[in-house]
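Colleague: just coords:
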């Protein structure tokens with residue numbers, strides 16, 4: 001029986017943005033995946049969530065992929081709570097879905113830091129790492145990573161949080177429904193008005 005090919009894109013998604021969507025889409029089409037799952041973590045070992053609770057990050061991620069039939073939300077890490085280690089997550093996923101073959105999608109910056117990951121040698125035997133090139137990174141590692149080409153995006157969640165705090169719009173950087181939630185909940189120091197992309201002149 002042929003195994004289903006599942007892409008996994010993990011992260012804090014704080015907030016999810018166009019770069020995440022493009023990465024997932026390029027991996028989906030290049031590798032002929034059956035679907036790509038966006039997997040928010042509960043507590044990332046290398047990052048902090050900047051005061052945004054897990055429920056809100058999950059909701060932003062759900063809104064970001066809404067309407068995309070080949071994208072799904074994977075909540076295995078947030079439902080488990082605690083620190084999210086990819087090795088432990090992949091063990092659980094394979095145990096839950098032995099009929100699937102998993103591809104773990106990471107950016108070029110993460111490729112270079114794979115040596116710091118928990119039990120990365122064993123992890124590389126559980127899932128195929130898929131690297132997406134990122135400006136400024138050589139993407140060199142001693143671990144097996146399949147690199148694929150993708151349009152270069154100079155965008156990061158950190159940059160977008162800073163834009164919001166500075167009163168700048170997120171138009172085209174995140175889906176409109178994600179920006180609407182950010183404004184509604186006053187995330188990252190934003191004002192509670194509508195995104196500029198949704199305003200009309202009188």
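Modeller: Structure received. Note that the coordinates shown come from a computational prediction; the quantities given were computed from them, not determined experimentally.

Colleague: if I pick the residue nearest to residue 129 when sequence neighbours are not counted, what's in contact with it?
Modeller: In this structure, residue 129 finds its nearest non-sequential neighbour in residue 145, 4.3 Å apart by Cβ to Cβ, 6 or more residues apart in numbering. To be clear about C-beta, it is placed using only N, CA and C from the backbone, and glycine gets the same treatment. By Cβ atoms under 8 Å, 6 or more residues apart in numbering, the contact set of residue 145 is 106, 111, 114, 129-131, 139.

Colleague: of all these, which two lie farthest apart?
Modeller: The most widely separated members of the contacts of residue 145, counting by Cβ to Cβ, are 114 and 130 (12.3 Å).

Colleague: picking that back up, can you give me the pLDDT of the residue nearest to residue 129?
Modeller: Reading off the confidence values, residue 145 has pLDDT 94.

Colleague: secondary structure and neighbour count for the contacts of residue 145 - can I get that in TSV?
Modeller: Shown next, in TSV, are the contacts of residue 145 (DSSP: H, G, I helix; E, B strand; the rest coil; neighbours: other Cβ atoms under 10 Å):
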residue	secondary structure	neighbour count
106	strand	23
111	helix	22
114	helix	20
129	strand	22
130	strand	23
131	strand	25
139	coil	17
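
Colleague: can you list those residues in TSV and add distance to residue 52?
Modeller: TSV is the format used below for those (distance: Cβ to Cβ, whole Å):
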residue	distance to residue 52
106	22
111	26
114	26
129	27
130	27
131	27
139	29
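
Colleague: residue 69: which of those residues is nearest?
Modeller: Closest approach between the contacts of residue 145 and residue 69, by Cβ to Cβ: residue 130, at 20.5 Å.

Colleague: who does the closest one form a beta bridge with?
Modeller: residue 105, residue 146 (DSSP bridges).
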